[in-house]
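Asks: sequence unknown, structure follows:
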């Protein structure tokens, strides 16, 4: 049994993660600003993770075997987490993102070494507290957050670089729903001249992976995704199977594109996850189920 603290992330795959940790018999403490109540069986600490003094006070004497940080978006947040949780936990897991590879355009899936956080420059003077800036620099914020943990390590850490997540009737992104709405209305879906594939993961499996990772001892970055990159056409075909209709594509050279329509290669390599002992299913094993959960009849 482990004492595990989950920072934020109590919806979507975060809530699934909490359920898995509790089912496995772990003691779970959810730390958030109080905007959502965690599932029954977990403890609750209310604090603003950006307010270091308040966070210290709220945690008090609490100690943890593992901290899983679902909402670390900037190097400033990582620096606070490092200082506050360094003396309080044996291992820290940050949920990172495929967006750390936003400057890569590799014809082959990229491995973790393509972005080595030990060599990433950290700039704490940037306006990370500005939500607009933070959203516009999501990948950079995650890269620099990883770098804070890697370059001045005070505790063992792992960063889980999560692919684009699909599935669930609680998918709040609206991205797959965008396809369904346009197919139902007979409206075109904007795609680039070259429709590059990207890597994805099923919401249930990323919850499985994070719950599994909490019980392991590996450190450093790891890509988390299913083999079998998907294009916009692949996703729309799954939507067609779920709701009927036929997708119409409009090729555009400039201007807004549909969600998950990429102008560059966007695939990760999953060999490290497999070497560590976790195997994600191929996208073909779950794609139709995931899409139907989100946009199927009655959605």
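Replies: Cool, got the structure. Remember, predicted model here, so these are calculated numbers, not experimental data.

Asks: In a strand, residue 226, correct?
Replies: No: applying DSSP: H, G, I helix; E, B strand; the rest coil, one finds residue 226 to be coil, outside a strand.

Asks: can you pull the contacts of it?
Replies: Residues in contact with residue 226 (CB atoms under 8 Å, 6 or more residues apart in numbering) are 163, 199-202, 205, 270, 280-283, 285-286. C-beta coordinates here come from the backbone N, C-alpha and C atoms, glycine included.

Asks: Just give the closest residue to residue 80, not the sequence neighbours.
Replies: residue 52 (4.9 Å; CB to CB, 6 or more residues apart in numbering).

Asks: typo on my end, residue 114
Replies: Once flanking residues are discounted, residue 114 sits nearest to residue 104: 5.5 Å by CB to CB, 6+ apart.

Asks: Correct me if wrong: the one you found contacts residue 110.
Replies: Yes: because the distance of 5.2 Å satisfies CB atoms under 8 Å, residue 104 is recorded as touching residue 110.

Asks: In terms of neighbours, single out the busier of the two.
Replies: The residue with more neighbours, out of residue 104 and residue 110, is residue 110; 21 against 15, by other CB atoms under 10 Å.

Asks: do you know how far that one is from residue 122?
Replies: Residue 110 is 22 Å from residue 122, where distance means CB to CB, to the nearest Å.

Asks: In what element of secondary structure is residue 290 found?
Replies: In this assignment (DSSP states H and E), residue 290 forms part of helix 287-295.

Asks: Tell me the buried residues in that helix?
Replies: Buried residues in helix 287-295, counted by 16 or more other CB atoms under 10 Å: 287, 288, 290, 291, 292, 293, 294, 295.

Asks: Then stretch 37-47?
Replies: Using 16+ other CB under 10 Å as the test for burial, stretch 37-47 gives 38, 42, 45, 47.

Asks: just the strands in the protein please.
Replies: For the chain, the strands defined by DSSP state E occupy 3-7, 27-32, 43-46, 64-69, 89-97, 157-162, 164-166, 189-191, 200-202, 220-224, 249-251.

Asks: which of these is buried the deepest?
Replies: Using mean count of other CB atoms under 10 Å, the stretch among those with the greatest mean number of neighbours is strand 200-202 (a mean of 27).

Asks: Could you check how far that strand is from the centre of its chain?
Replies: 10 Å (CA atoms, centre = their mean, to the nearest Å).

Asks: Please apply the same query to stretch 51-69.
Replies: That offset, for stretch 51-69, works out to 22 Å (CA atoms, centre = their mean).

Asks: what's the burial count for residue 153?
Replies: What residue 153 shows, counting by other CB under 10 Å, is a neighbour count of 14.

Asks: residue contacts, the closest residue to residue 28 other than its chain neighbours?
Replies: Take residue 28 and drop its neighbours on the chain: the residue closest to it by CB to CB, 6+ apart is residue 42, 4.2 Å away. Applying CB under 8 Å, 6+ apart to residue 42 gives the contacts 6, 18, 22, 28, 29, 30.

Asks: Good, we can wrap up now.
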